[in-house]
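Peer 1: no sequence for this one, just the structure:
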């Protein structure tokens, strides 16, 4: 049974990999045997996390600094990853931002574009660059990280959640378009996890963490490491007949 989750000999590229869910996913993938491309905006953090992963797992980890919101930089990111490893078997589109609580009436074009570039355009562009090359090597798995908020939204976060909802829709489109390449594409929608993003939201809303916990059946906020199990399922042969699906992971949190 464990062989189905074994990622030995494979390469995973994780965006937003230096903190929160991305950091946990990169660690979990390496512990399952995968080499890892650690991607985030800050070079020093990428290098630090890559060294930590190599030290703790024995797998090779290559740091590549890249801003996912910069469309024209993404081809270079992909080329550098392939130069390092020669292949990418798993892409985890995890990078995302929601820097402030902004009601729809207060939206500016600059703020909207900032969120759209990272939360939607970047993941779609990166997947489109990598999927054909995955197909040439025999296939692969793409995991688009969204949010449970994509199903219900809320005041002040509607731009972030709407863009993630669009990424969910793109996930299904990608799955349909790339099935012939043996590239599986699925969405992973986290509920409340104790990440930097949740802590940041809590600065604007003192009761946010407590309300989030109460909204789950399990009455708690998850640790980032609890994302690893579902990530490994979607990345590995354990989910070989799964594509175009949208997996919630939120302790039973209701989306309406």
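Peer 2: That came through fine. These numbers were taken from a predicted model, which means no experiment stands behind them.

Peer 1: give me the residues contacting the least confident helix or strand in the chain by mean pLDDT.
Peer 2: Per-element confidence for the chain was summarised using mean pLDDT, DSSP states H and E. The lowest value among helices and strands belongs to helix 196-204, with a mean of 75. By Cβ atoms under 8 Å, 6 or more residues apart in numbering, the list of residues contacting helix 196-204 from outside reads 19-20, 96-101, 156-157, 192, 208-209, 212, 221. All C-beta spots, glycine's among them, are computed from the backbone N, C-alpha and C.

Peer 1: neighbours of residue 198, how many?
Peer 2: 17 (other Cβ atoms under 10 Å).

Peer 1: the longest strand in the chain is where?
Peer 2: The strand of greatest length in the chain, counted in residues with DSSP state E as the criterion, is given as strand 183-190.

Peer 1: quick one: strands adjacent to it?
Peer 2: Partners of strand 183-190 in the sheet, by DSSP bridges, are strand 140-145 (parallel), strand 246-249 (parallel).

Peer 1: tell me which residues in the least confident helix or strand of the chain are buried?
Peer 2: Within helix 196-204, the residues scored as buried using 16 or more other Cβ atoms under 10 Å are 197-198, 201.

Peer 1: who wins for neighbours among the contacts of helix 196-204?
Peer 2: Neighbours here are counted as other Cβ under 10 Å. On that basis the top member of the contacts of helix 196-204 is residue 96, with 25 neighbours.

Peer 1: that one against residue 145, yeah?
Peer 2: Yes. In this structure, residue 96 is within contact of residue 145 by Cβ atoms under 8 Å, at 6.9 Å.

Peer 1: so who does the nearest residue to residue 40 once chain neighbours are set aside touch?
Peer 2: Using Cβ to Cβ, 6 or more residues apart in numbering and skipping the chain neighbours, the partner closest in space to residue 40 is residue 18 (4.1 Å). When contacts are counted by Cβ under 8 Å, 6+ apart, residue 18 touches 38, 40, 42, 45-46, 48-49.

Peer 1: ChimeraX command for the buried members of the residues you listed?
Peer 2: Selecting in ChimeraX just the buried members of the contacts of residue 18, where the criterion is 16+ other Cβ under 10 Å, is done with this command:
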select :38,40,45,46,49
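
Peer 1: format the contacts of residue 18 as JSON lines; extra columns: pLDDT and distance to residue 108.
Peer 2: Written out in JSON lines, the entries for these read as follows (pLDDT from 0 to 100; distance: Cβ to Cβ, whole Å):
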{"residue": "38", "pLDDT": "98", "distance to residue 108": "32"}
{"residue": "40", "pLDDT": "98", "distance to residue 108": "26"}
{"residue": "42", "pLDDT": "97", "distance to residue 108": "25"}
{"residue": "45", "pLDDT": "98", "distance to residue 108": "29"}
{"residue": "46", "pLDDT": "98", "distance to residue 108": "30"}
{"residue": "48", "pLDDT": "98", "distance to residue 108": "34"}
{"residue": "49", "pLDDT": "98", "distance to residue 108": "33"}
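
Peer 1: please work out how many residues are found near residue 154.
Peer 2: What residue 154 shows, counting by other Cβ under 10 Å, is a neighbour count of 10.
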